[in-house]
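Chemist: Okay, here's the prediction I keep looking at, along with the sequence it came from:
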There are 2 protein chains.
Amino acid sequence: MNKEQIAARFQELQDNICRGLEALDGKSLFSEDQWERAEGGGGRTRIITEGDLIEKGGVAFSAVHGPVSADMKKQLGLEGEEFFATGVSIVLHPHNPHVPIIHMNVRYFQLDDGTYWFGGGIDLTPHYIIPEQARLFHAALKAVCDRYDSSFYSKFKPWADDYFYIPHRSETRGIGGIFFDHLSENNSSLTKTQLFDFCLELGNTFVPAYAKQAELGRELPVTPDELRWRNLRRGRYVEFNLVHDRGTKFGLYSGGRTESILMSLPAHAAWEYNHAPELNSREYETLNWLGTKQEWL
Amino acid sequence: MNKEQIAARFQELQDNICRGLEALDGKSLFSEDQWERAEGGGGRTRIITEGDLIEKGGVAFSAVHGPVSADMKKQLGLEGEEFFATGVSIVLHPHNPHVPIIHMNVRYFQLDDGTYWFGGGIDLTPHYIIPEQARLFHAALKAVCDRYDSSFYSKFKPWADDYFYIPHRSETRGIGGIFFDHLSENNSSLTKTQLFDFCLELGNTFVPAYAKQAELGRELPVTPDELRWRNLRRGRYVEFNLVHDRGTKFGLYSGGRTESILMSLPAHAAWEYNHAPELNSREYETLNWLGTKQEWL
């Protein structure tokens, strides 16, 4: 399985996810933006806006290559002259505050010396946390993990808790999910092909897992206060992505394609000084859930 | 002139600016939030919202002290055991897109070994750039600079251009202004007292300079397209502050008071994938002005 085959399968994954999301949304279609990178490679960024379910979302595929920069050497702690990286990234911001924001990424990286790894993750950011829905989501992820390695979920779940933490708010971004990086046959029980299958299966779980979450919230009535809260939570999402997310920061600092990187930002976000929800309100409960790590299963 | 006197004068400056802005706004008043810092010192953060002119703004005073952390040593490239820092920071987001966003900061820093410096800056971010208004603003700043040192404006204006640059957008944040740091009697023609007077005079120029900008735009009619553009420009402001602004990043990473640091964010901001204004529209012209450094005077 070479890099061209991996990139081709990731492209198929992007196609399948976009078709699935269009069916789920029922109103808007993705528009595609193809781009090339001067140093090598390119991508297809697909954006959906003003849907029935999704207000703004993106499903991006890219496959880029080129010389390993000094920044990359520093960041990776590795030597190598040429790199190749391909993957699929998704962020969806729904209209209805009773439907969570979702993010997924699966990626493959290799150096010309034969070093390679897979990375990825999927995590959910409900505007209102409902433990039963959080359990559903985590159970779906654990099921995929368990089909490959019974230790994956117990390793990748806390990794997501750590990764999606907002130190300056002392909050997790949402209910987490799984996150992994630098995964190869050298540090797992699986072959390269099996690891890739794991990434693809995770990708194929995205639409049904999100469909379940969407179904539970999309028809619920919405008050102006709930929209206000949604926009404040989106503000936190912006803070995490711009201040802490390593992928976003590395991309922006290293001259990545800004519009593709920042497709993760919501259509509208809000900030209020020192906003504090009413004691024991659902907003208050949500902040409580975010304040400490939770075992959802 | 000791640190207590400097802090007291900065508090007076905060009082004067808040009074001036309340008069300018004509509707809303500031509310004050006093806070203390566990390691030493504290501040008074003042917030104005839902005014006639200002949608969201803050005028913050702080005076903090404590042991010099490892992070600070690294950032400052200096040794010292105890630091003291005091200053006034302002960001105002007006309702009307024909009135610019404005930011100001004046600050004093000292170490227990006698090392000290002043820093600060004032810069304007019009949603729509009008060269004549940009000139008015820069002329007011140059007049203050020139009363102290005829080289200040020519040094501090390009410093602001560099500081308020958004590399991942290849844009300046706005029309700039002046920025300076590490200013002391050792690297200027002025005494410590004169440098402090310069900072205070800059502070006292803030309200009249902004009043002039506000007067030119606040009564202008506003279309939905102009509000959309305002919110997109605010999105850029958020990007600059969270991704690049050294003060914001240092504050958030070093455990500063998050609500005071992020009072700079707007009430509402927006993002659209790959938004590009119509050729030769006023939005297009504004982007053109932001794409290269301008000599406004």
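Modeler: Structure's in. What do you need?
Chemist: Please list the residues of the stretch 1-150 of chain A that sit near chain B.
Modeler: A:33, A:45, A:47, A:49, A:56, A:58 (Cβ under 8 Å from any Cβ of the partner chain). No exception for glycine: its C-beta is placed from N, CA and C like everyone else's.
Chemist: Measure how far stretch A:7-20 is from the centre of its chain, please.
Modeler: 15 Å (Cα atoms, centre = their mean, to the nearest Å).
Chemist: So for that stretch, what gets flagged as buried?
Modeler: A:7, A:9-11, A:13-14, A:17-18, A:20 (16 or more other Cβ atoms under 10 Å in any protein chain shown).
Chemist: do the same with stretch A:43-60
Modeler: For stretch A:43-60, by 16+ other Cβ under 10 Å, it's A:43-49, A:51, A:53-60.
Chemist: Please pull out the lowest mean pLDDT helix or strand from chain A.
Modeler: The weakest-scoring helix or strand in chain A, judged by mean pLDDT, DSSP states H and E, is helix A:70-76 (a mean of 75).
Chemist: Enumerate the positions of that helix that are buried.
Modeler: A:72, A:76.
Chemist: Likewise for stretch A:211-228?
Modeler: Going by 16+ other Cβ under 10 Å, stretch A:211-228 has these buried residues: A:211, A:213-214, A:216-218, A:226-227.
Chemist: still on that earlier bit, would you mind listing the outside residues contacting the least confident helix or strand of chain A?
Modeler: Outside helix A:70-76, the residues that touch it by Cβ atoms under 8 Å, 6 or more residues apart in numbering or on different chains are A:68, A:79-80, A:83, A:250, A:253-254.
Chemist: Please, where are all the helices along chain A?
Modeler: Ranges of helices in chain A, per DSSP state H, are A:3-25, A:70-76, A:131-148, A:152-163, A:192-217, A:224-239, A:246-253, A:258-261, A:282-291.
Chemist: what's the angle from the fourth one to helix A:131-148?
Modeler: In terms of direction (axes from the mean of the first three to the mean of the last three Cα atoms, to 10 degrees), helix A:152-163 departs from helix A:131-148 by 130 degrees.
Chemist: With the last one instead?
Modeler: Between helix A:282-291 and helix A:131-148, the angle formed by their directions is 30 degrees, by the same axes, to 10 degrees.
Chemist: quick one: helix A:282-291 to chain centroid distance?
Modeler: For helix A:282-291, the distance to the chain centre is 22 Å (Cα atoms, centre = their mean).
Chemist: Also the second one?
Modeler: From the chain centre to the centre of helix A:70-76 is a distance of 23 Å (Cα atoms, centre = their mean).
Chemist: same thing with stretch A:204-224?
Modeler: 16 Å.
Chemist: Just give the number of residues close to A:Thr115.
Modeler: Counted with other Cβ atoms under 10 Å in any protein chain shown, the neighbours of A:Thr115 add up to 16.
Chemist: From what I see, it and A:Glu81 are in contact.
Modeler: No. Applying Cβ atoms under 8 Å as the test, A:Thr115 and A:Glu81 come out as separate, 11.7 Å apart.
Chemist: hmm, back to that, any chance of the helices of chain A in JSON lines, with distance to B:Ser150 too?
Modeler: Below are the helices of chain A laid out as JSON lines (distance: least, Cβ to Cβ, whole Å):
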{"stretch": "helix A:3-25", "distance to B:Ser150": "60"}
{"stretch": "helix A:70-76", "distance to B:Ser150": "41"}
{"stretch": "helix A:131-148", "distance to B:Ser150": "64"}
{"stretch": "helix A:152-163", "distance to B:Ser150": "52"}
{"stretch": "helix A:192-217", "distance to B:Ser150": "63"}
{"stretch": "helix A:224-239", "distance to B:Ser150": "42"}
{"stretch": "helix A:246-253", "distance to B:Ser150": "37"}
{"stretch": "helix A:258-261", "distance to B:Ser150": "40"}
{"stretch": "helix A:282-291", "distance to B:Ser150": "54"}
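Chemist: nearest to A:Arg173, of these?
Modeler: helix A:224-239 (6.8 Å; Cβ to Cβ).
Chemist: what helices or strands is the closest one leaning on?
Modeler: strand A:101-111, strand A:268-270 (3 or more Cβ pairs under 8 Å, 6 or more residues apart in numbering or on different chains; DSSP states H and E).
Chemist: how much space is there between the residue lying closest to A:Gly41 once chain neighbours are set aside and A:Arg107?
Modeler: Spatial nearest neighbour of A:Gly41, excluding adjacent residues (Cβ to Cβ, 6 or more residues apart in numbering or on different chains): A:Val64 at 3.5 Å. Going from A:Val64 to A:Arg107 by Cβ to Cβ, to the nearest Å gives 11 Å.
Chemist: A:Gly114 now?
Modeler: Distance from A:Gly114 to A:Arg107, by Cβ to Cβ: 18 Å.
Chemist: who has more neighbours, these two?
Modeler: A:Arg107 (20 against 7).
Chemist: residues contacting that one?
Modeler: A:85-89, A:118-120.
Chemist: Sitting in strands, which of these do you find?
Modeler: A:85-89, A:118-120 (DSSP state E).
Chemist: Who is A:Ile54 paired with across the strands?
Modeler: On the basis of DSSP bridges, A:Ile54 is bridged to A:Pro94.
Chemist: Tell me the spacing between A:Ser170 and chain B.
Modeler: For A:Ser170, the distance to chain B equals 9 Å [Cβ to the nearest Cβ, to the nearest Å].
Chemist: hang on, that residue packs against A:Gly291?
Modeler: Yes. Between A:Ser170 and A:Gly291 there is a contact at 6.6 Å, judged by Cβ under 8 Å.
Chemist: With distance to B:Ser188 and pLDDT as extra columns, can I get the buried residues of stretch A:211-228 in CSV?
Modeler: Below are the buried residues of stretch A:211-228 laid out as CSV (distance: Cβ to Cβ, whole Å; pLDDT from 0 to 100):
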residue, distance to B:Ser188, pLDDT
A:Ala211, 64, 98
A:Gln213, 60, 98
A:Ala214, 61, 98
A:Leu216, 64, 98
A:Gly217, 60, 98
A:Arg218, 62, 98
A:Glu226, 54, 98
A:Leu227, 52, 98
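Chemist: which one among these gets closest to chain B?
Modeler: Nearest to chain B out of these is A:Leu227 (Cβ to the nearest Cβ; 11.6 Å).
Chemist: Just confirm the closest one contacts A:His95, I think it does.
Modeler: No. Under the criterion of Cβ under 8 Å, A:Leu227 makes no contact with A:His95, lying 9.1 Å away.
Chemist: ok now do A:Gly177, which residues does it touch?
Modeler: Here A:Gly177 is in contact with A:121-124, A:137-138, A:141, A:157, A:160 (Cβ under 8 Å, 6+ apart).
Chemist: List just the nearest of those to chain B.
Modeler: A:Asp123 (19.9 Å).
Chemist: roughly how far apart are the nearest residue to A:Gly87 once chain neighbours are set aside and A:Thr125?
Modeler: Spatial nearest neighbour of A:Gly87, chain neighbours left out: A:Arg107 (3.0 Å); criterion: Cβ to Cβ, 6+ apart. To A:Thr125, A:Arg107 is 20 Å away according to Cβ to Cβ.
Chemist: Would you confirm that A:Ala140 contacts A:Phe206?
Modeler: No. A:Ala140 is not in contact with A:Phe206 according to Cβ under 8 Å; the separation is 9.7 Å.
Chemist: Comparing the two, which shows the higher neighbour count?
Modeler: For A:Ala140 versus A:Phe206, neighbours defined as other Cβ under 10 Å are more numerous around A:Phe206 (24 against 19).
Chemist: ok now stretch A:168-188, how far from the chain's centre?
Modeler: For stretch A:168-188 - counting by Cα atoms, centre = their mean - the centre lies 10 Å from the chain centre.
Chemist: meant to ask about stretch A:92-111, not that
Modeler: On Cα atoms, centre = their mean, the centre of stretch A:92-111 falls 3 Å from that of its chain.
Chemist: sorry, back to before: got TSV for the contacts of A:Arg107, with neighbour count and pLDDT too?
Modeler: Formatted as TSV, the contacts of A:Arg107 follow (neighbours: other Cβ atoms under 10 Å in any protein chain shown; pLDDT from 0 to 100):
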residue	neighbour count	pLDDT
A:Ala85	19	95
A:Thr86	24	97
A:Gly87	26	97
A:Val88	25	98
A:Ser89	23	97
A:Phe118	22	98
A:Gly119	18	97
A:Gly120	22	97
